[in-house]
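**Q** based on what follows, work out the 3D shape:
(2 chains)
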2 protein chains.
Amino acid sequence: MIKVYGMAVSGNCWKAAQILGLTGHAFEWIETDTTRGDTATPAFLALNAQGEVPVVVLEDGAVLTQSNAILAHFAEATPWLPPAGLLRTRVLQWLFWEQYSHEPYIAVARNLITYRNQRVSQAERLAVCATRGNKALDIMEQRLCGHDFLVDGGPTIADLALYAYTHVAHEGDFDLARVPGVAGWVMRVASLPGIHGLRS
Amino acid sequence: MIKVYGMAVSGNCWKAAQILGLTGHAFEWIETDTTRGDTATPAFLALNAQGEVPVVVLEDGAVLTQSNAILAHFAEATPWLPPAGLLRTRVLQWLFWEQYSHEPYIAVARNLITYRNQRVSQAERLAVCATRGNKALDIMEQRLCGHDFLVDGGPTIADLALYAYTHVAHEGDFDLARVPGVAGWVMRVASLPGIHGLRS
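**A** Residues are numbered from 1 along each chain as shown, chains lettered A, B, ... in the order given. I've put the predicted structure just below:
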């Protein structure tokens, strides 16, 4: 059976569980807590030298890393990833943008505030996260105030990648009431068949 | 004709020019200097609300952003991007890893040291860049000390994405003599037909 090494509160790990479920793959979840050193052991570093979760191990032993590459791997040839062409490129744009301009601010703020209790000691870093994270939400709003999903044609892995940390953004002190298009989209994605939220 | 808005010294912009050249597309380069505000004008923000280069405008007016999505767009159905399957997923893993764990340290250190003259004023941030950037080079070394390219089967856009800032990493005070597998790979990529270096 496919194995997923992941941390239940992580949005990046949620992506792996979610796309496996949506595409009909059974898997075993191996809870892997980065805060207690589970990703720093020699055994784990042999799986992923970067020392990060999620890690997916296929039945033949092949190891997949990088949450958005895992999304694309299992979405291939399903409605979650359009065939080659402009729509697929749009999906990839959102996936790269998520990892560079959204996750480093919204996921990091959530982690520092809600899981590390460092609101005071990391105040300077959190101010940067607030500015950049709200800019990211504004970019999403520009698209979502007039469209149901991030890419034309229906829900894709771009929506899954962005839903991961957007639907728990309040845990990083972000207020989705400010971006009603995004707030509506969160509810729309949540109501798709087979979507479950992060445990948080 | 395809238009590329880019900054000549940027590795991310180099990726767009390089894949267009390698796949036989003529294009017009529009030099767009982020340091003098070219990406903050209303006209530019209408193209890319994120205010970043590169931006590619296709002949039909479609706008592409995100350097690694641009690489994948033009590499589709060429030897630079393997067909769907594990090798393609490996390419995507490197592309996402580059944007999250390599570029934010190696490109940023290069910019602060060589282009912004902020070696002293940004010493604390540069110390983080040195640690994380050298970790990134170590991850590349694990692969490249025993393989010619990042993914089995020959050069791909994963090599282009990582070459972008690795071949100018000395401008961020990184020493490739420490990672001989990476140094050899830089020379190997540089010698591929049609590869040109960054102007730097």
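**Q** quickly check: the helix ranked longest in chain A near chain B or not.
**A** Looking across chain A with DSSP state H, the single longest helix is helix A:123-144. Yes. Helix A:123-144 is in contact with chain B by CB under 8 Å from any CB of the partner chain, via A:138-139, A:142. For glycine as for every other residue, the C-beta is placed from the backbone atoms N, C-alpha and C.
**Q** of those residues, which is the most crowded?
**A** Counting neighbours by other CB atoms under 10 Å in any protein chain shown, A:Ile139 comes out on top of these with 20 neighbours.
**Q** show me what contacts that one?
**A** A:97, A:101, B:49-50 (CB atoms under 8 Å, 6 or more residues apart in numbering or on different chains).
**Q** how about 10 Å then?
**A** Going by CB atoms under 10 Å, 6 or more residues apart in numbering or on different chains, A:Ile139 touches A:94, A:97, A:101-102, A:179, A:182, B:48-51.
**Q** repeat that for A:Val4.
**A** The contact partners of A:Val4, taken as CB under 10 Å, 6+ apart, are A:13, A:16-17, A:20, A:25, A:27-32, A:53-57, A:64, A:70.
**Q** 6 Å instead, please
**A** By CB atoms under 6 Å, 6 or more residues apart in numbering or on different chains, the residues touching A:Val4 are A:16, A:27, A:29, A:56.
**Q** separate out the buried members of those.
**A** A:16, A:27, A:56 (16 or more other CB atoms under 10 Å in any protein chain shown).
**Q** just these now: which is nearest A:Ala75?
**A** For the buried ones among the contacts of A:Val4, the minimum distance to A:Ala75 (CB to CB) is 11.7 Å, reached by A:Ala16.
**Q** which one of the contacts of A:Ile139 is nearest A:Tyr5?
**A** Nearest to A:Tyr5 out of those is A:His102 (CB to CB; 23.4 Å).
**Q** give me the nearest residue to the closest one, chain neighbours excluded.
**A** Take A:His102 and drop its neighbours on the chain: the residue closest to it by CB to CB, 6 or more residues apart in numbering or on different chains is A:Ala136, 4.3 Å away.
**Q** buried ones in whichever strand or helix holds A:Leu20?
**A** For A:Leu20, the element it lies in under DSSP states H and E is helix A:11-22. For helix A:11-22, burial by neighbour count (16+ other CB under 10 Å) applies to A:11-20, A:22.
**Q** ok, and what's touching it?
**A** Against helix A:11-22 from outside (CB under 6 Å, 6+ apart): A:4, A:6-7, A:27, A:53-54, A:56, A:67, A:70-71, A:74, A:107, A:160, A:164-165, A:194, A:198.
**Q** now the angle from the helix or strand harbouring A:Ala69 to helix A:11-22?
**A** Using DSSP H and E, A:Ala69 falls within helix A:67-75. Relative orientation of helix A:67-75 and helix A:11-22, computed by axes from the mean of the first three to the mean of the last three CA atoms, to 10 degrees: 0 degrees.
**Q** what are the phi and psi values at A:Val168?
**A** The phi and psi values for A:Val168, taken as degrees, to the nearest 10, are phi -120, psi 20.
**Q** that one: neighbouring residues, count only.
**A** A:Val168, neighbours per other CB under 10 Å, totals 22.
**Q** run through the neighbouring helices and strands of the helix or strand following the longest helix of chain A.
**A** Remark: after helix A:123-144, the chain's next helix or strand is helix A:157-166, criterion DSSP H and E. Applying 3 or more CB pairs under 6 Å, 6 or more residues apart in numbering or on different chains; DSSP states H and E, one finds that helix A:157-166 makes contact with helix A:11-22, helix A:67-75, helix A:86-97.
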